[in-house]
Structure formats: structure tokens, C-alpha cells
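Trainee: Fold the following, please.
(chains A and B)
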Amino acid sequence: GQQVMQIPQYQHVQEGEDFTTYCNSSTTLSNIQWYKQRPGGHPVFLIQLVKSGEVKKQKRLTFQFGEAKKNSSLHITATQTTDVGTYFCAAGSNTGGFKTIFGAGTRLFVKA
Amino acid sequence: NAGVTQTPKFQVLKTGQSMTLQCAQDMNHNSMYWYRQDPGMGLRLIYYSASEGTTDKGEVPNGYNVSRLNKREFSLRLESAAPSQTSVYFCASSEAPGTGGVQNIQYFGAGTRLSVL
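Mentor: A predicted model of the protein is given here:
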């Protein structure tokens, strides 16, 4: 079945450093969503990308959807301790029926 | 407006016991989902209900059953719990199934932390 690969699995950064997580699929995606889960919490929706090559920004977070709609990235500029958590991508596919497939997540640790 | 409510928050079972995890949403969403989350495994879909009256298997359905009681409620039942079912269970809902559009955004409950001894 469809799989979504997310890398890296973990990332340790010093506060103020940048951070990027990548999401890759072998099949063309109709959309990609990003969620954040704080430690001990539940996933919370951040953003959805639908168009080829789309770039969206939320303050220090930049989200990109690849031209071929097979990959996506989340970049955080100048991380803060409040950015700590796990970031998941979630992919929808035209052949996937009703299911949204989640990546395994990237856990971000930020050292003050 | 509570969103998605899950009960209980914590549960400890002995192997072979049964239990039902409850989930209710007050957003008038059509679609509801059950996931399990294990360390390093992300979120794996157990069952989902695209609309009231329908349920379908997800990625890891073995050992579980579900009931879409009405539009608001979607329960997950473990008939004979096993240690391999120790996990955090999340219920989620979305306005509609399908791909693309804001109706596909999923809203999650706070989770149920289950330990099977």
C-alpha cells in the first residue's frame, strides 16, 4: 500500500538553529497536511498544501509541496523551545480512498 | 464546543480482558477514525467510518472492532486484550472523507493510554 517516508526520525538542535523535516512518497499525492504533537499531547493540524510547488508560511514555519507532488518539507527558522514536539506529515492520494496516511513523524528536541 | 472527546484517558487491563474506548465529536463531522500510536511508529489507522452507518478497516484492524453508534459517536472495542495492544489510542474526526479541501482536516481527541499486562 501507499507509504509516506518522513526523515529524519529525530533532530536535536540548539535554540536559534534552523530545522527541516522531509516527507516523501513514491506516488503522486493530491494533498499533504502537516500536524504537530507536543510531548504528551495529541496531533494538531498546522496546514494543508494542495497545489504543485505550493509554498506557505506561518511565522517562522515554511511549508513546501514539491513540483511533482511527491514530496514536502517543513522548515522552522530560528527554533525556539516552544517548537519542541513531533511533526507529522499526512498524505492524501487519489488512489487512497478515504484514508489519509501519516508519516512516522520527526521528533524535534530544542536545547536552550 | 469540546471538539473530540475520548474516554477513558488511562486504562490498565489484564491479558484477555475486554473493554470499549469511547469517542464523541460535537462538530457535526461525517468521518471518524481510530489510530494507535506506538513509539517510533507514527499514527497507524485501525478503523475508520467515512459516514454514519459505514465502517472500514485501516492498516492494523486485527484484534479490534468498531461501532459507529450515530453521527457523533464512534467506539473501539478490544474483545480479548493482548500485551501487543499496549499503546496510545487516538480518535479523530473530519468534516468529510476524500482528498483535498479543508473538509479533510482531522481533529484529534486527547487520547487513551492503554496498558495490557
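
Trainee: all strands for the chain, in order.
Mentor: Since you didn't name a chain, this refers to chain A. Shown for chain A, the strands assigned by DSSP state E span residues A:4-7, A:10-14, A:19-25, A:31-37, A:44-49, A:55-58, A:61-65, A:71-76, A:85-92, A:100-102, A:106-111.

Trainee: look at chain B instead
Mentor: Listed in chain order, the strands found in chain B under DSSP E are B:4-7, B:10-13, B:19-25, B:31-38, B:42-49, B:56-57, B:64-68, B:74-78, B:87-94, B:107-108, B:112-116.

Trainee: Quickly run through the sheet partners of the helix-or-strand element of chain A with minimal mean pLDDT, with directions.
Mentor: Within chain A, confidence by mean pLDDT, DSSP states H and E is lowest for strand A:100-102 among all helices and strands, at a mean of 83. Listed by DSSP bridges, the sheet partners of strand A:100-102 and their directions read strand A:85-92 (antiparallel).

Trainee: Now tell me what touches the strand it pairs with from outside.
Mentor: Residues lying outside strand A:85-92 but in contact with it, judged by Cβ atoms under 8 Å, 6 or more residues apart in numbering or on different chains, are A:2, A:4, A:6, A:21, A:23, A:25, A:29-39, A:41, A:43, A:72, A:74, A:100-103, A:105-108, B:42-43, B:98-100, B:104, B:106. Bear in mind the C-beta positions are built from the backbone N, C-alpha and C, glycine included.

Trainee: Look up which residues are beta-bridged to residue 47.
Mentor: No chain in the question, so chain A it is. According to DSSP bridges, the residues that bridge with A:Ile47 are A:Trp34.

Trainee: Correction: the question concerned chain B.
Mentor: The bridge-partner assignment for B:Tyr47, based on DSSP bridges, gives B:Trp34, B:Lys57.

Trainee: mind checking pLDDT for the nearest residue to A:Pro43 once chain neighbours are set aside?
Mentor: Nearest-residue entry for A:Pro43: A:Tyr35, 4.1 Å, with adjacent residues in sequence omitted and distances by Cβ to Cβ, 6 or more residues apart in numbering or on different chains. With respect to pLDDT, A:Tyr35 scores 97.

Trainee: Go ahead and confirm B:Tyr107 touches B:Gly3.
Mentor: Yes - assessed by Cβ atoms under 8 Å, B:Tyr107 is found in contact with B:Gly3 at 5.7 Å.
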